[in-house]
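>>> Using only what follows, build the 3D model:
(2 chains)
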Amino acid sequence: QSALTQPASVSGSPGQSITISCTGTSSDIGNYNYVSWYQQHPGKAPKLIIYEVNKWPSGISDRFSGSKSGNTASLTISGLQAEDEAHYYCNSYTTSSTWMFGGGTKLTVL
Amino acid sequence: QVQLVESGGGVVQPGGSLRLSCAASGFTFTIRNMHWVRQAPGKGLEWLAFMHHDGSPRYYADSVRGRFTTSRDDSKNILFLQLNSLRVEDTAVYFCATDGLHWDLDLWGRGTLVTVSS
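Down below sits the predicted model:
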């Protein structure tokens, strides 16, 4: 079970938009729409920000949006704010009835 | 208040055992499927285990299958993770989380630290 592939880091200036990719296989992202994204600030628990590829949990800003094409999912954050600086993880359900996280992406707001 | 609180972490020698607990409150625990996830120091998240609210099925990551076992006590609203044959590489913060009904993890505890060291 290898982790889903995410870029190690991305950066952007306040107000800009950034996109984080998450690449899997036909056994996970490519087979299901059960892709979710999590935000984690240092020393804190992860927080669900997107589920089922592009849906928002209650209370999550619509500046966060998700999409999927083939075996790759993406998270876009628009109107970057300082508080968006954090680690972001994708996750997918798999054909083995397990779940798999991406390696994580550190977002730096310049 | 809706929350999950993990406990039971500590320092254990390689080959040893530990039982982690996850106490749920503020929601109907008995109808919720649950997950365990860990995070090694400075590393990313690793999914470990899933337990259906009925007690079955239970699924495990390859890295812990046969060594770790999840269970639950619905009378006390507690989820457990039994860690056996511990290795140095099992050192991590262990989180429990509720399954959000869409195969996502929607509520997380703050985690408990397990350190495996001689």
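
>>> Rounded mean pLDDT for the top strand by length along chain A, please.
Determined from DSSP state E, the single longest strand within chain A is strand A:86-93. The average pLDDT within strand A:86-93 is 98.

>>> How about stretch A:23-38?
Rounded mean pLDDT across stretch A:23-38 is 97.

>>> One more: stretch B:50-62?
95.

>>> at contact distance from chain A, anything in it?
Yes. Stretch B:50-62 is in contact with chain A by C-beta under 8 Å from any C-beta of the partner chain, via B:F50, B:P57, B:Y59, B:Y60, B:A61, B:D62. In this view, the C-beta of every residue, glycine as well, is placed from N, C-alpha and C.

>>> In strands, which of these fall?
Cross-referencing these against strands under DSSP E gives B:F50, B:Y59, B:Y60.

>>> Can you give me the pLDDT of the residue nearest the centre of chain B?
Note on chain B: the residue nearest the mean C-alpha position is B:W36, at 3.4 Å, using C-alpha atoms, centre = their mean. pLDDT for B:W36: 98.

>>> Report the contact partners of it.
Applying C-beta atoms under 8 Å, 6 or more residues apart in numbering or on different chains to B:W36 gives the contacts B:20, B:22, B:47-49, B:68, B:70, B:79, B:81, B:94-97.

>>> Could you give me the ChimeraX syntax to select whichever of the ones in strands among the residues of stretch B:50-62 next to chain A are buried?
Command for ChimeraX, covering only those of these found buried under the criterion 16 or more other C-beta atoms under 10 Å in any protein chain shown:
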select /B:50,59,60
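
>>> Out of the ones in strands among the residues of stretch B:50-62 next to chain A, flag the one nearest to chain A.
Nearest to chain A among these: B:Y59, at 4.9 Å, using C-beta to the nearest C-beta.

>>> I'd assumed B:H35 was in contact with that closest one.
No. B:Y59 lies out of contact with B:H35 (C-beta atoms under 8 Å); the separation is 9.4 Å.

>>> Between these two, which contacts overlap?
B:A49, B:F50.

>>> Quick one: neighbours of the residue nearest to A:S11 when sequence neighbours are not counted, just the number.
Nearest residue to A:S11 in three dimensions, chain neighbours excluded: A:T108, at 4.2 Å (C-beta to C-beta, 6 or more residues apart in numbering or on different chains). A:T108 sits with 12 neighbouring residues when counted by other C-beta atoms under 10 Å in any protein chain shown.

>>> A:T108 is in what secondary structure piece?
Using DSSP states H and E, A:T108 sits within strand A:105-109.

>>> re the thing from before, the residue nearest to A:S11: what's it in contact with?
By C-beta under 8 Å, 6+ apart, A:T108 lies in contact with A:S9, A:V10, A:S11, A:G12, A:E85.
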